[in-house]
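Chemist: let's see this in three dimensions:
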Amino acid sequence: MEDLAEPTEDRIRALPCWNGSAVVERLTGGLSNENFCVTDACGKHVVRLGRDYAFHHVFRERELMTARAAHAAGFGPEVEYAEPGIMVSRYIAARTFTAADVRANVERIALLTRAFHREMPNHVSGAGFMFWVFHVIRDYARTLEAGGSRMAAALPRYLELADELERAQALLPIVFGHNDLLPANFLDDGSKLWLIDFEYAGFNTSMFDLAGIASNAGMNDAEAERLLTAYLGREPDDKIRRSHAAMQCASLLREAMWSMISELYLDAPGVDYVAYTTENLERLDAALDRYRTRYGTLG
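Modeler: Next up is the predicted model:
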């Protein structure tokens, strides 16, 4: 199991990028990374520590490339320094969104997401990475079975569900997605929205980001309709609506299975992965009930 709780402040202070002495403060909230705010003579900076996690399809070299590309495209903070396992970014004086903030800023979120999808392919480099949630779910199932997960008996049911939800997907163009649009990954500086945390970013259809925004923020049907309409520039048709509802279920299934794998391999300070698994399975059950009540089961 990876231990994320080892002392790191001395290592951070020793980095060669600081101007004068560095005051280090741990930031809370990370589920699989350590984050710190560092203040030196030039101001504030954010330090992100993280290893490669092949079991989660996370590779820091690709995350660093994407973070630099996001800054070049105007979506993310500037990367000021990097070395293996460490990324230092400019601190943005901004408010971190909650689920309520996302629901209150549906149109702004939709336009930011659409711009990210369209502009990022002009800035990312290297071999293309495809994030297709249904492949991720299938690969997570293999990892969970091999690791002797306590949830192993439920895996055939999860895979059957993934197949059903994948069949409900509408054909859409490939874009470059963020693929982890939790409310806390949106920052608002009062005039502009920013995106952070690009460890899962890669090519995808737009539907996973749109579904993640809605499910992670607990949007109701009317709010989800506003999100789709603002993103598409028109009202969605019934096939898009069904695809979006199905993908919300897939997003929650993937998050629950992410947590199941984290139970096996991660140990972040203050994080109860078992409780997080339970929370996401309960949210999945509620979303799946709404989906099947409205659309039935796609054979």
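
Chemist: remind me which residues of this structure are low pLDDT?
Modeler: Residue ranges of the chain with pLDDT under 70: 1-7, 29-30, 298-299.

Chemist: just give me the longest helix of it.
Modeler: helix 238-265 (DSSP state H).

Chemist: any idea which helix or strand comes after that helix?
Modeler: strand 266-267 (DSSP states H and E).

Chemist: all helices of the stretch 51-200 of the chain, in order?
Modeler: Using DSSP state H, counting those that start in this stretch, the helices of the stretch 51-200 of the chain run over residues 60-72, 99-104, 106-119, 133-146, 155-167.

Chemist: to R226, which of those helices lies closest?
Modeler: R226 lies closest to helix 106-119 among those, at 4.8 Å (Cβ to Cβ). Every C-beta, even on glycine, is put in place using the N, C-alpha and C of the backbone.

Chemist: ok, now which ones touch the closest residue to N35 other than its chain neighbours?
Modeler: Closest residue to N35 apart from its sequence neighbours, by Cβ to Cβ, 6 or more residues apart in numbering: L27 at 4.2 Å. Residues near L27 by Cβ atoms under 8 Å, 6 or more residues apart in numbering: N35, F36, C37, V46.

Chemist: ok, the residues you listed vs A99, which is closest?
Modeler: Set against A99, the nearest of these by Cβ to Cβ is N35 (20.2 Å).

Chemist: who's that closest one bridged to?
Modeler: Taking DSSP bridges as the rule, N35 bridges to L27, R48.

Chemist: and V106, how many neighbours?
Modeler: 23 (other Cβ atoms under 10 Å).

Chemist: what comes up buried for the helix or strand hosting V38?
Modeler: Applying DSSP H and E as the criterion places V38 in strand 34-40. Going by neighbour count (16 or more other Cβ atoms under 10 Å), the buried part of strand 34-40 is E34, N35, F36, V38, T39, D40.

Chemist: separation between the first one and L195?
Modeler: Distance, E34 to L195, by Cβ to Cβ, to the nearest Å: 20 Å.

Chemist: got it, and the last one?
Modeler: As defined by Cβ to Cβ, D40 lies at a distance of 25 Å from L195.

Chemist: and if you look at the second one?
Modeler: N35 sits 15 Å away from L195, going by Cβ to Cβ.

Chemist: same deal with the fifth one?
Modeler: Using Cβ to Cβ, one gets 24 Å for the distance from T39 to L195.

Chemist: related to what we said a few turns ago, what's in contact with the strand holding V38?
Modeler: 4, 8-9, 12, 18-27, 29, 44-50, 88, 91, 268-269.

Chemist: which of these fall in strands?
Modeler: The strands, defined by DSSP state E, take in V23, V24, E25, R26, L27, K44, H45, V46, V47, R48, L49, V88 from the contacts of strand 34-40.

Chemist: and G43, what are its bridge partners?
Modeler: Beta-bridge partners of G43, as defined by DSSP bridges: D40.

Chemist: surely it meets Y91?
Modeler: Yes: under the criterion of Cβ atoms under 8 Å, G43 makes contact with Y91 at 6.7 Å.

Chemist: which one's more surrounded, those two?
Modeler: Between G43 and Y91, counted using other Cβ under 10 Å, the more crowded position is Y91 (16 against 11).

Chemist: residues contacting the more buried one?
Modeler: C37, G43, K44, H45, V46, P77.

Chemist: between the residues you listed, which is closest to E255?
Modeler: Nearest to E255 among these is V46, at 23.9 Å by Cβ to Cβ.

Chemist: could you pull up the contacting residues of the closest one?
Modeler: Contacts of V46 by Cβ under 8 Å, 6+ apart are L27, N35, F36, C37, V38, P77, V88, S89, R90, Y91.

Chemist: now do the contacts for A230.
Modeler: V106, E107, A110, L111.

Chemist: having no further points to raise, I will conclude here.
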